[in-house]
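Quick one, what's the 3D model for this:
(chains A and B)
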Amino acid sequence: MNRSLIISSVLHALLIFITAMSLPFLAKKPLDIPPIVSVELIQIAEKTNIPFAPKAKKIIEKVKEKEKKLVSEQAPPKKVEKTKTKTVLAPDQNNKKIENETPEAIPLPDKTLKKVETKEEKKQNPEKVDDEVKQVSEFEKKDLFDPNNIAALIDKSKEESAEVLKINDDITQDQERNVENTGLTLSEEDALKAQIFGCWSIPLGLPYNENLLVRIKLKLKPDGTVSKTEILDHARMNKPGQGFYKVLAESALRAVKLCQPLRVPTTGYERWKELQLNFDAREMLEG
Amino acid sequence: MLKKILTLLLILIPINANALIEVDITRGNLNPLPLAVSPLSIDEESRKGFEKILKKENIGAEISNIVENNLRTSGLFNPLDKKAFLQAPDIANLKPRFEDWNLIKAQALITGKVNYVDDKLRVEFRLWDVLAAKEMMALAFTTVPNNWRRVGHIISDKVYERLTGEKGYFDTRIIYVSEEGPKTQRIKKLAIMDQDGANNKFLTLGNELVLTPRFNPASQMVTYLSYFKNMPRVYLLDIETGTQEVVGDFPGMTFAPRFSPDGKKIIMSFAKDGKSDIYTMDLENRIVEKITNHPSIDTSPSYSPDGKYITFNSDRSGYQQIYVMKNDGTDVKRISFGNGLYGTPVWSPRGDLIAFTKLHKGKFYIGVMRTDGSGERLLTENYYQEAPSWSPNGRVLIFYRETKTNSKGEGFSAKLWSIDLTGYNERQIKTPTDASDPSWSSLLSN
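Here you go, the predicted structure:
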């Protein structure tokens, strides 16, 4: 009896120990979540898109010239020439053509083709990936400018572009989440704030120690002009003894009117067609 | 029970409302508000009527100049150049063309009309919000024509109050000690003027030394010290009637009399046997009460606007510093702890700040601190300046400053200056003679 009791208790203890050790929260450290870093995406399409093609053209031409030499040593010149001319045209023309014609001739053009392919894909989804493409092209430009080892650099740029694409994909997802939660990105919000800061003449006579927060709801048109303003604590405006509040509310309304059209994002009207501005001068008046 | 369950359910059910995007605006510009003061329109008949009585060609333009000048000197407004105005005064008063005023960047507009009715001056004025295209205020006054300057000040006060949320300070007067002659033989007279320096009048002849005139916050009475046969006397002067009365003869030296906020008492300090203490005197029954009893020099007392506390300066800690106590002399607390000597504390009519003079490393500063001594801010620095006095709205300080009259440091001149709480808007108030010890009255029209 005693023996079986001991065995049972030992086994139970063992079981408890194993369970405890294998519990995930004991073994794992709490997640160390890095602080959220906001990433600003800037439209650089006009700047980077234009130079990309001619520069790449030149570089590719250079590559081909090199290749020419190489090829001329290894293979009959006519064949190579054909491939070259076609690859040069590649950025502006259909990829498939080139793909079909260049595969085995030289290894290098193959790589350039891949690059071109990615670009074409991006063009199909301009809104989503457009920015990243331009960033990639920036990298490429830098790298490609080294004329000594162009082939290797092209390889690199390809790898990098892939990486950058991945990262940027993540960012855009994050951003979408942000947009769902807060509505405006930090840069969009900053642009709007900076504009209204300039328009708002703070009434200097206000006492800084009172609760003077004016909330104004705006209905906006797509071009940023204000179609309707509404003071959210309107009842307070006409209460006796709330002279300070009324003055502040009026100054805030003047600021909104003076600032029209507001610097709103160019896209996503649905998100910001209604905005709430919270005017709070305490920080300024205390100082 | 059912109600409770329902409420609980309502609380627990998440409300999936579309969150409104909120943007916090915590900064703005501190530039003066641009506004347009259109000359008050006047018909030809009224213009001629006033020209006869007041010797002013266009009284409407004169009144609007007063308004414009007041608003500009406040530092909070930027009256725009009249040459840029596109609309004539008479039409603007009926219905302003807001686009025109918007074009010159005016955010507010003042228009009005002057009439000569039954030998009286009738002035109506309107304040417009240009951006919102609506009227903010419309008032009319009727008075004797000689009061035209006051009408300008009253309009300024109304506009100031409507646009800033606090009462104005333009329909007020300043009493000060006018000084003439060489430093060893100064002739000192009491003088009074409007806050903008107009209507200067002398109240005493200058045969007695006068010091520290102080306005009663409750009425247009002044208390001041005058030396008669080398004995200081505290006088009461009614400005409206011009009657004077001696409050009493006091032993030793008497300093710095000042009214209590209700005007029923005078608080001052007496120097006796090498020490100085603070006393109050009831003006009705002339009973004198000792408030402090300390073997040090306690002087320059000033009441808080609710009359519950008194601030004063004392050297009880070894150096002259500012203290606050209850009105019965208990619960004395030192509030100034900075380097240098602190004196002449004056409680703001708004109750939130105490203004003072500070002497540090040979320079004089006018500054303010909160009533617990925190948030000390020095507004202006100079070779010699002191005696700050608050405007009735607690936003501007007037004080006097002595400067050398030539570069060799010879001669001196004392003038009145004003500065607002931002410390940026410093202005000299022109007086016909040298001036010291200013005191600001309360608003004449409440």
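
so who does B:Lys183 touch?
B:Phe412 (CB atoms under 8 Å, 6 or more residues apart in numbering or on different chains). (Glycine included, C-beta is placed from N, CA and C.)

Likewise for A:Ser8?
Applying CB under 8 Å, 6+ apart, one finds that A:Ser8 lies in contact with no residue.

looking at this, it is in a helix?
Yes: judged by DSSP: H, G, I helix; E, B strand; the rest coil, A:Ser8 forms part of a helix.

can you pull the pLDDT of it?
pLDDT for A:Ser8: 92.

how much space between it and A:Asn2?
As judged by CB to CB, to the nearest Å, A:Ser8 and A:Asn2 stand 11 Å apart.

Please report the distance of A:Glu189 from A:Asp280.
In this view, A:Glu189 and A:Asp280 are 15 Å apart by CB to CB.

cool, and B:Asp262?
Remark: distance between B:Asp262 and A:Asp280 (CB to CB) = 37 Å.

Between those two, which is the more surrounded one?
Remark: of B:Asp262 and A:Asp280, A:Asp280 carries more neighbours, 18 against 11, as counted by other CB atoms under 10 Å in any protein chain shown.

Please list all residues in contact with the more buried one.
Contacts here follow CB under 8 Å, 6+ apart; on that basis A:Asp280 touches A:212-214, B:24-26.

Max pairwise distance over these: which two?
Largest separation among the contacts of A:Asp280 by CB to CB: A:Leu212 and B:Asp24, giving 13.5 Å.

Give me the more crowded residue out of these two.
Between A:Leu212 and B:Asp24, A:Leu212 has the larger neighbour count (other CB under 10 Å), namely 21 against 14.

can you tell me which residues contact the closest residue to that one other than its chain neighbours?
Once flanking residues are discounted, A:Leu212 sits nearest to A:Leu248: 5.3 Å by CB to CB, 6 or more residues apart in numbering or on different chains. A:Leu248 sits next to A:203, A:206, A:212, A:214, A:279, A:281, B:165 when contact means CB under 8 Å, 6+ apart.

Stretch B:349-356: how far from the chain's middle?
Here stretch B:349-356 is found 12 Å from its chain centre; the criterion is CA atoms, centre = their mean, to the nearest Å.

which parts of it are buried?
Buried positions in stretch B:349-356, judged by neighbour count with 16 or more other CB atoms under 10 Å in any protein chain shown: B:349, B:352-356.

For chain A, state which of these is nearest.
Chain A has its nearest neighbour among the buried residues of stretch B:349-356 in B:Asp352, at 7.2 Å by CB to the nearest CB.

and the contacts of A:Asp280, which of them are in helices?
Using DSSP state H, no member of the contacts of A:Asp280 falls within helices.

dump the residue contacts of B:Lys363.
Counted by CB under 8 Å, 6+ apart, B:Lys363 has contacts B:381-383.

Out of those residues, give me the one that has the most neighbours.
Most neighbours among the contacts of B:Lys363, by other CB under 10 Å: B:Asn382, with 15 neighbours.

if I read this right, that residue contacts B:Leu359, doesn't it?
No: counting by CB atoms under 8 Å, B:Leu359 is not a contact partner of B:Asn382; they are 11.3 Å apart.

what separates the residue nearest the centre of chain B from chain A, distance-wise?
With distances taken as CA atoms, centre = their mean, the residue of chain B nearest its centroid is B:Ser391 (1.3 Å). Counting by CB to the nearest CB, to the nearest Å, the gap from B:Ser391 to chain A is 11 Å.

again, but for B:Trp390
As defined by CB to the nearest CB, B:Trp390 lies at a distance of 14 Å from chain A.

Next, the nearest residue to B:Gly423 once chain neighbours are set aside: secondary structure please.
Spatial nearest neighbour of B:Gly423, excluding adjacent residues (CB to CB, 6+ apart): B:Leu379 at 4.2 Å. What three-state DSSP gives for B:Leu379 is strand.

Point out the residues in the stretch 151-300 of chain B that sit beside chain A.
The stretch 151-300 of chain B comes close to chain A at residues B:161-166, as judged by CB under 8 Å from any CB of the partner chain.

ok, of these, which one's closest to B:Asn93?
B:Asn93 lies nearest to B:Arg162 out of those, by CB to CB, at 17.2 Å.

and that closest one, what element?
In this structure, B:Arg162 is located in helix B:148-164 according to DSSP states H and E.

Summarise which helices and strands that helix is packed against.
Packed against helix B:148-164 by the contact rule (3 or more CB pairs under 8 Å, 6 or more residues apart in numbering or on different chains; DSSP states H and E) you find helix A:243-259, helix B:59-73, strand B:108-117, strand B:120-129, strand B:134-143.

can you tell me which of the ones you listed comes nearest to B:Asn31?
For B:Asn31, the closest of the helices and strands packed on helix B:148-164 is helix A:243-259, at 12.1 Å, according to CB to CB.

which residues sit against the following helix or strand past that closest one?
On the C-terminal side of helix A:243-259, the closest following helix or strand by DSSP H and E is helix A:269-272. With contact meaning CB under 8 Å, 6+ apart, helix A:269-272 is reached by A:179, A:183-184, A:220, A:222, A:264-265, B:21.

For helix A:269-272, buried residues please.
The neighbour-count criterion (16+ other CB under 10 Å) identifies A:271-272 as the buried residues of helix A:269-272.

What does B:Arg286 show for phi and psi?
phi 60, psi 30 (degrees, to the nearest 10).

Check it and give its pLDDT.
On pLDDT, B:Arg286 comes in at 87.

domains of the chain?
All of this refers to chain A. What automatic domain parsing lists as the domains of chain A is A:45-182, A:186-286.

The chain in question should be chain B.
Following automatic domain parsing, chain B resolves into domains at B:33-164, B:173-440.

Next, the distance between the ends of the last one.
Distance between the two ends of domain B:173-440: 6 Å, counting by CA to CA, to the nearest Å.

where in chain A is pLDDT low?
A:1, A:23-61, A:63-182, A:208-210, A:286-287 (pLDDT under 70).

circling back to that earlier point, so the residue nearest to the centre of chain B makes contact with B:Thr172?
Yes: contact criterion CB under 8 Å: B:Ser391 and B:Thr172 qualify, at 7.1 Å.

any common contacting residues for the two?
The contact lists of B:Ser391 and B:Thr172 share B:195, B:440, where a contact means CB under 8 Å, 6+ apart.

same for the next helix or strand after the helix holding B:Arg162, what does it pack against?
Following helix B:148-164 in sequence order, the next helix or strand is strand B:173-180 (DSSP H and E). Of the remaining helices and strands, those touching strand B:173-180 by 3+ CB pairs under 8 Å, 6+ apart are strand B:187-194, strand B:209-215, strand B:412-420, strand B:434-440.

Out of the ones you listed, which is the most enclosed?
strand B:434-440 (a mean of 23; mean count of other CB atoms under 10 Å in any protein chain shown).

SS state for A:Arg236?
What three-state DSSP gives for A:Arg236 is helix.

Please report the distance of it from chain B.
Distance, A:Arg236 to chain B, using CB to the nearest CB: 13 Å.

Around that residue, how many other residues sit close by?
14.

ok, now which ones touch it?
For A:Arg236, the contacting residues are A:242, A:245, by CB under 8 Å, 6+ apart.

switch the cut-off to 10 Å
By CB atoms under 10 Å, 6 or more residues apart in numbering or on different chains, the residues touching A:Arg236 are A:211, A:214, A:242, A:245-246, A:249.

so residue 279, which of the three states?
Going with chain A. Following three-state DSSP, A:Phe279 is assigned to strand.

Could you give the bridge partners of it?
Counting by DSSP bridges, A:Phe279 forms beta bridges with A:Val214, B:Ile25.
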